[in-house]
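**Q** Fold the following.
(2 chains)
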Amino acid sequence: MQQISLQPQIEIAGSGLATLDFGREGMFGGRGIGSRSQINFSDSSLSFGVAQRMYRGAIGSFTLGGVAIDEANSGHGKQVFMHQAFADFQELRFEGYIGRTNTPTAQIVEFPTIREDDLVDYTSVLNPFSNGANPEEHRYSNVAGIVFNGDLHHFLNVHAQHQIDSAGVGQSDSGLNSVGISFQYEGNPALSTIDRFPSYGFGLESRAINKSFGGTSNVFYGGGVLNLQPGLVDKLDLRLLGQVSFGNDTNTLTTLNDTYRADQESIALSLRKLYSPFGKPASQIAMTAGMKRYSKVPNANSYGVALSYGKNLGQGFDFVSQLGYERRSSGMTMAFGGHSDALVLQFGLSFNFGSTFNQSIGPRRSPTNLLHQYIPN
Amino acid sequence: MSKDKPSENNEETLGRRELLKLGGIGLGTGLMGNAFGQQGHRATAQQQVSQWPSAFDPLETHPPYPPRDRPKPGEKIHVHDIEVTIEVHEIVPGVQTHMFMFNKSYPGPEIRVKEGDWVQINLKNSSPEFHTIHWHGIMVPMEMDGVPLGTQWPVGPNQEFRYLWKAQPAGTHFYHCHVMTTLHQQAGLVGSLIVEPKEPDIVQKTFPYKREYTMILSELDTNFVRNMMSEMVEMGVQMERMNHSAKMMREMNGKMMGWFKSKEEFVKAVKNGYIPPYLAARTGTAMPITPNYFMINGKSYPMTDPLMIRRDENIRVRLIAGGFMPHFIHLHGHDFWHVCQDGSPLAAPVRMNTIPIYPGTTSDIVIQGTNPGFWHFHDHSDLCTTNNGQHPGGMMTMLMYEDAREAGIKWEEVIAISS
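**A** Numbers count the residues shown, from 1 in each chain, chains lettered A, B, ... in the order given. You can find the predicted model right below:
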């Protein structure tokens, strides 16, 4: 099976993000923000990928990457979380992948907070098996999935997952604990700021929780992006993610894991103003807000809000800042260490880059490939 | 050109005016490279030295007809419809790339007209990018020259433009899009344009031939074309959508994707924070252009078409440098005659076996069936005989004798195709 005569395409991508955090005692976005200030480099990541053309025009690839986790929350003694380690095979209408990567439930909508896990309680479909030490467990999981596409715009993802069970609430310690199906529409990337509805999707996930922890947790989720003010220079968009989880009988919230698997309804909304003169993003301001309530837990609800600002300082390099606040009702405070609210102010810099060597494979969804629907060289 | 005639009493030695022209050509090729210039010198040095200065005609490059004439009633006009679309082109089996195409063909359709005839080209742009057509080597009125933002507005998506010009001078020429030429010509928008002489063809008279071949030589960086074309198409798709929104057009005014109406506007934008792409990266690919496929008429070896010949037959081959690299086309087992350069007959044919073809030039050669067999005909710049770095490939084809078997050649034992 070994063939080494052809050099693969090699891709390296990374994101460096470091902020100075000033926090009032509490917990924000699943991370602990204590009374002290901290230099926070979580969500910095580096990924490495190789790809090669297969027989019949297919593409095979492998990606490996790690993301820095919050130093204050390194409950496992780890500083780097392997968030990507998966193999992928794709033809024109079919894709199959297996390994550690983004959980399919996290791909519907991306919110413009400075880190993926800011306001994670509202902006992500939560992992009901997580103990909360690492919010990355909500974004990434071990997945085996197949994706069928229609005209490279409509994607149907059928998958099974082993979501990381750090809380030990699953029916077994190994094997698959979650199955689901999701649908996603992605418009022409050239028109992502012009089309009224550039993307949307919805899905259903069933998670096998041990009966002693309330039993199965199912979640239905859906959302998308609406361009309120379409344009190429001044753009205003609205992002929405709503979710309803049901089937689990947990009725008190004493640990973070309880807050992830108990039946709940939540909604996240974000209003983003993007300024892009000369075809390049220059600055962005966004207000993201979320709220949720637990249907079987008395007096358990919360809301959070984040005001985020980013200014481009050069190619891939941004100044970022964010003011975040979360408040929880009395039914939730025990799970959050007795803290009913959290406030954090962050300033920092981010650098994103990507580079491809020995390029021989084009992106599947470029505007030209969408015209003719073929596997690009 | 059309006035070129062989000597009345000796066709093989050619006439005085042709000899004079060689002097001019010789000067030009001196600028292009020593190999070419020296070979021309070898054939006619004596005549050049003794006759060129006294017979110099300062009007020699005048157009045969006034370029700014308009068609008169009753004059015939050749009408061609040319549509630009984006298509998928296969260079060799398994290697496909998106390309702009004239009439869904790469190279575009050959246009062949008589000198002095009127030609009308109806260009229809059915792609999301801007285009024009430049008539390379043709003495057109300025407004028909096809230089975007220079002599005409570029033809936008779903727009049409009508070119009208008189075919002159005679010879081998070509046409290509002149919008962002680095990309558009490389990405497929090139075709041959043959203007047949009104007077009897001096090449035909000297080397009677029945078959002729046109070979457009070009190169392609598949990564550059893929990435840049995608970026251009993305902008085109956006602009097409903007055309339906007065609000977006106002919003974009002066801030459009790095395109500026004037030098002053560009300088002001840089002061206001705009970073030109050449500062941040060379192009969208962040890499210099590195061609990895080298083609004859859009195909790389072994998919190139062979030249067919028979013993004692003359064939004319029109070589057109439709790309951005020089090529050095070599024929095994034969010498050939270089008879025309940039459309014009040379003062005297020049005997050679490797001819340099520089970007933008055309060279006509005559191959004579003197050595039956199967012979390689290829660029002798070895990089250009590869497909993505693998030899053999690229700019290579074969000269094949149809009557090789009758000549006793057992070709089955030696010919193989590798890829």
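**Q** does A:Leu46 belong to a helix or a strand, and which?
**A** strand A:45-53 (DSSP states H and E).
**Q** can you list the residues that contact that strand?
**A** A:6, A:8-15, A:59-68, A:83-84, A:360-361, A:377 (CB atoms under 8 Å, 6 or more residues apart in numbering or on different chains). C-beta: built from backbone N, CA, C; applies to glycine.
**Q** got the buried residues for that strand?
**A** For strand A:45-53, the neighbour count (16 or more other CB atoms under 10 Å in any protein chain shown) marks A:Ser45, A:Leu46, A:Ser47, A:Gly49, A:Val50, A:Ala51, A:Gln52, A:Arg53 as buried.
**Q** so after that strand, what's the next helix or strand?
**A** Heading C-terminal from strand A:45-53 (DSSP H and E), you reach strand A:59-68.
**Q** and the strand holding A:Leu46, average pLDDT?
**A** For strand A:45-53, mean pLDDT rounds to 94.
**Q** Next: stretch B:132-148.
**A** pLDDT averaged over stretch B:132-148 gives 97.
**Q** now swap in stretch A:345-352 and tell me
**A** Mean predicted lDDT for stretch A:345-352 stands at 95.
**Q** Kindly indicate whether residue 219 is helix, strand or coil.
**A** In the absence of a named chain, this looks at chain A. At A:Val219 the chain is in strand, as set by DSSP: H, G, I helix; E, B strand; the rest coil.
**Q** hm, I was asking about chain B
**A** strand.
**Q** how much space between it and chain A?
**A** Between B:Glu219 and chain A the computed distance is 16 Å (CB to the nearest CB, to the nearest Å).
**Q** can you give me the helices for the chain?
**A** All of this is about chain A. Secondary structure of chain A by DSSP state H: the helices cover A:120-123, A:136-139, A:256-261, A:330-333, A:367-372.
**Q** other chain: chain B
**A** Going by DSSP H, chain B shows helices at B:16-32, B:34-51, B:181-184, B:202-206, B:222-242, B:246-252, B:263-271, B:277-280.
**Q** Scan the helices and strands of chain A for the one with the lowest mean pLDDT.
**A** In chain A, no helix or strand scores lower on mean pLDDT, DSSP states H and E than strand A:31-33, which sits at a mean of 57.
**Q** hang on, the earlier thing: and the contacts of strand A:45-53, which of them are buried?
**A** A:8-9, A:11, A:13-15, A:59-68, A:83-84, A:360-361, A:377.
**Q** what about stretch A:265-277 and chain B, any contact?
**A** Yes: Stretch A:265-277 reaches chain B (CB under 8 Å from any CB of the partner chain) through A:Pro277.
**Q** For that stretch, output the C-alpha coordinates as CSV.
**A** Output of stretch A:265-277 as CSV, limited to C-alpha atoms (Å, rounded to 0.1, in the frame of the first residue of the first chain):
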residue,chain,number,x,y,z
GLU,A,265,-33.7,25.6,25.2
SER,A,266,-31.3,28.3,24.1
ILE,A,267,-30.9,30.9,21.5
ALA,A,268,-27.8,32.9,20.4
LEU,A,269,-27.9,36.0,18.3
SER,A,270,-25.2,38.1,16.9
LEU,A,271,-25.2,41.4,15.1
ARG,A,272,-22.0,42.2,13.2
LYS,A,273,-20.9,45.3,11.4
LEU,A,274,-18.1,44.7,8.9
TYR,A,275,-16.2,47.4,7.1
SER,A,276,-14.2,46.1,4.1
PRO,A,277,-12.9,48.9,1.8
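**Q** How far off centre is stretch A:356-363?
**A** Here the centre of stretch A:356-363 is set off from its chain's centre by 26 Å, with CA atoms, centre = their mean, to the nearest Å.
**Q** So which bits of that stretch are buried?
**A** For stretch A:356-363, by 16+ other CB under 10 Å, it's A:Thr356, A:Gln359, A:Ser360, A:Ile361, A:Gly362.
**Q** got JSON lines for the residues you listed, with distance to chain B too?
**A** Below are those laid out as JSON lines (distance: CB to the nearest CB, whole Å):
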{"residue": "A:Thr356", "distance to chain B": "9"}
{"residue": "A:Gln359", "distance to chain B": "5"}
{"residue": "A:Ser360", "distance to chain B": "8"}
{"residue": "A:Ile361", "distance to chain B": "10"}
{"residue": "A:Gly362", "distance to chain B": "5"}
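**Q** from those residues, which single one is nearest B:Met101?
**A** The nearest member of these to B:Met101, counting by CB to CB, is A:Gly362 at 18.2 Å.
**Q** Kindly provide the distance from that closest one to A:Thr113.
**A** 31 Å (CB to CB, to the nearest Å).
**Q** With A:Thr252 instead?
**A** Here A:Thr252 is placed at a distance of 29 Å from A:Thr113 (CB to CB).
**Q** The two: which has the busier surroundings?
**A** A:Thr113 (23 against 15; other CB atoms under 10 Å in any protein chain shown).
**Q** How about the contacts made by the more buried one?
**A** A:Gly29, A:Leu119, A:Thr123, A:Ala286, A:Thr288, A:Ala306, A:Ser308, A:Gln322, A:Gly324 are the contacts of A:Thr113 under CB under 8 Å, 6+ apart.
**Q** Give me the spatial nearest neighbour of B:Asn388, chain neighbours excluded.
**A** B:Asn292 (4.7 Å; CB to CB, 6 or more residues apart in numbering or on different chains).
**Q** number of nearby residues for that neighbour?
**A** Neighbours of B:Asn292 using other CB under 10 Å come to 22.
**Q** Correct me if wrong: it contacts B:Gln390.
**A** No: here B:Asn292 does not reach B:Gln390: they are 9.8 Å apart, not a contact under CB atoms under 8 Å.
**Q** which stretches of the chain have low pLDDT?
**A** Unless you meant another one, I'm taking chain A. Low-confidence segments of chain A (pLDDT under 70): A:1-5, A:25-27, A:29-37, A:71-78, A:172-174, A:373-377.
**Q** my bad, the chain I had in mind was chain B
**A** For chain B (pLDDT under 70), the answer is B:1-59, B:253-259, B:277-287, B:411-419.
**Q** Can you get me a residue count around the residue nearest to B:Met249 when sequence neighbours are not counted?
**A** Using CB to CB, 6+ apart and skipping residues adjacent in sequence, the residue nearest B:Met249 is B:Met242, 5.7 Å away. When neighbours are counted by other CB under 10 Å, B:Met242 registers 19.
**Q** correct me, but B:Met242 touches B:Met248?
**A** Yes: assessed by CB under 8 Å, B:Met242 is found in contact with B:Met248 at 4.5 Å.
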